[in-house]
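Student: Model the following, please.
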Amino acid sequence: MNDSSIPSVTVADLPDPLPAELVVLDVREPDEWTSGHVSGATHIPLGTLPDRVGELDPQTPTVVMCHLGGRSARATAWLSQQGYHVVNLEGGIEAWHAAGRPVTTA
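Tutor: Residues are numbered from 1 along each chain as shown. Okay, the predicted model is just below:
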């Protein structure tokens, strides 16, 4: 999903390591999360986001990610409409892997 109205970043746009004040929100399903995720990320599957949105701070810069970027683009659009400071990670965890960024299964 490449909708220019959805704020987005690429992996190359993100500092390495990520700053502590940046939240990474992973909206993938639990089995995807278990197979590898960004260390320190917050895991809220897309389907549960409306019920769990209160776990996020609207003022904290947040990068939303999924597997390839489609689900996270939907989450980013919705969160943005709710007043959250969010951007979509283009290419998702696949782009993260391709850039050689670390993941954890812990």
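Student: Show me where this protein has its strands.
Tutor: Assigned by DSSP state E, the chain shows strands spanning 8-9, 23-26, 42-43, 62-65, 86-89.
Student: The residue nearest to residue 10 when sequence neighbours are not counted: what's it in contact with?
Tutor: Distances taken as Cβ to Cβ, 6 or more residues apart in numbering put residue 90 closest to residue 10, at 5.1 Å, once the chain neighbours are dropped. Just so you know, the C-beta spots here come from the backbone N, C-alpha and C atoms, and that holds for glycine as well. By Cβ atoms under 8 Å, 6 or more residues apart in numbering, the residues touching residue 90 are 2, 8-11, 69.
Student: can you redo the strands of the chain as TSV with distance to residue 105, mean pLDDT and mean neighbour count?
Tutor: Below are the strands of the chain laid out as TSV (distance: least, Cβ to Cβ, whole Å; pLDDT from 0 to 100; neighbours: other Cβ atoms under 10 Å):
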stretch	distance to residue 105	mean pLDDT	mean neighbour count
strand 8-9	24	98	16
strand 23-26	13	98	22
strand 42-43	12	98	17
strand 62-65	16	98	26
strand 86-89	19	98	25
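Student: So what pairs up with the most centrally placed residue in the chain in the strands?
Tutor: Closest to where the C-alpha atoms of the chain average out (Cα atoms, centre = their mean) is residue 64, at 2.0 Å. With beta bridges defined as DSSP bridges, residue 64 has these partners: residue 25, residue 88.
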